[in-house]
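Asker: Sequence first, then the predicted structure, then my questions.
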Amino acid sequence: MRRLSRDHFVSAMSKDNRPAYAIEDGETVIVETLDCEGGMRGRDGVCRSERTYVNPATGPIEVKGSQPGEALAVTIQEVRPADWGYISGGGGRERASVIELQGGEALYPWGLRLPLAPMVGVMGLAPAGDAVPTTTPGEHGGNLDVVDVCAGATLFLPVAVPGAMLALGDVHALQGDGEVGGTGIECAAEVTLSARRVKDPLTSVPYLLRDDKLMVLAAGQMLDEAAELAVAEGAKLISRLTGLSDCEARRLLSTAGELRISQIVNPKKACRAVIPRGAIPDVWPF
């Protein structure tokens, strides 16, 4: 299995970025990622340099054969965080709280132990238009900060340029929904994943499969905009799969689905509409 080094990374998703790596359709690789500050923060919690990279994303990774109009299905097999991380949000960034990551647990400096749930904060493709910083989520993916982008999940991203140009980073050893303090437990990591072409995606916006739940992801300048868009796209997807009217799909989503806040701290806020398998059992598309 090939290993893609964290030495090649981008700070924006852009059609002008030349691919650092190229993989075959369906190939499984190990991707090394930097932490959200590019490795500039030491184990004492202090930044070693005034120059930091914000959310450096390893790549771009060309997926051979990918074409606009398709989706790229990225299945995460494993996320292996480093043996330490840090939390730098919550109102102060000069010195972070260093968190030892041992035995599958996060060891907080005040004595608390919590089980790790590593996830990938940034995963996106090159957009067709202007470059988008890796701090920002959108229809290309990007800084989604969705806790469900984890081992066992598949993220489907709309392809806008030939080769897709996947990039990822900003792994969190642990994060709560909303990422309310500004960061999760930020860490370097290794992500084992496969990427395959989907020629007839379910929808033209990012969506995620985890266990028996289908999630539609949306971002907006304000949280209510992101929430309304997630609901609208979730209802549209239900209508496509079931033949229900938009009104009926919204009623189904309102009673059997969920709306979750992904994050409230990025330049665009993000939500996701969650459709459980039990709501559409006869037409479950997976």
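Answerer: That came in fine, so what should we check first? Numbers count the residues shown, from 1 in each chain.
Asker: low-scoring stretches of the stretch 151-286 of the chain, by residue?
Answerer: Along the stretch 151-286 of the chain, segments meeting pLDDT under 70 are nowhere present.
Asker: can you pull out the helices in it?
Answerer: For the stretch 151-286 of the chain, the helices defined by DSSP state H, counting those that start in this stretch occupy 223-242, 246-256.
Asker: Throw those helices into a markdown table and include distance to Gly278 and mean neighbour count, thanks.
Answerer: (C-beta placed from N, C-alpha, C; glycine too.) Output for these, formatted as a markdown table (distance: least, CB to CB, whole Å; neighbours: other CB atoms under 10 Å):
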| stretch | distance to Gly278 | mean neighbour count |
| --- | --- | --- |
| helix 223-242 | 13 | 20 |
| helix 246-256 | 7 | 16 |
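Asker: can you redo these as JSON lines with distance to His8?
Answerer: Shown next, in JSON lines, are the helices of the stretch 151-286 of the chain (distance: least, CB to CB, whole Å):
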{"stretch": "helix 223-242", "distance to His8": "31"}
{"stretch": "helix 246-256", "distance to His8": "41"}
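Asker: Looking at those, which is nearest to Ala106?
Answerer: helix 223-242 (27.2 Å; CB to CB).
Asker: now the closest one and helix 246-256, what's the angle there?
Answerer: Interaxial angle, helix 223-242 versus helix 246-256 (axes from the mean of the first three to the mean of the last three CA atoms, to 10 degrees): 110 degrees.
Asker: And helix 223-242, what does it pack against?
Answerer: When contacts are defined as 3 or more CB pairs under 8 Å, 6 or more residues apart in numbering; DSSP states H and E, helix 223-242 sits against strand 213-220, helix 246-256, strand 258-263, strand 269-276.
Asker: That one relative to strand 269-276, how many degrees between them?
Answerer: 30 degrees.
Asker: measure the nearest residue to Glu228 once chain neighbours are set aside to Ile99 for me?
Answerer: With sequence-adjacent residues excluded and distances taken as CB to CB, 6 or more residues apart in numbering, Glu228 is closest to Gly220, at 7.7 Å. Look at Gly220 and Ile99: by CB to CB, to the nearest Å, they are 31 Å apart.
Asker: Comparing those two, which residue is more hemmed in?
Answerer: Ile99 (25 against 18; other CB atoms under 10 Å).
Asker: quick one: contacts of the helix or strand that one falls within?
Answerer: Using DSSP states H and E, the element containing Ile99 is strand 97-102. Strand 97-102 is contacted from outside by 43-45, 81-88, 106-109, 116, 173, 185, 187, using CB atoms under 8 Å, 6 or more residues apart in numbering.
Asker: residues touching the nearest residue to Ala117 once chain neighbours are set aside, list them.
Answerer: Nearest residue to Ala117, sequence neighbours excluded (CB to CB, 6+ apart): Leu174, at 5.5 Å. Counting by CB under 8 Å, 6+ apart, Leu174 touches 106, 114, 116-118, 184-185.
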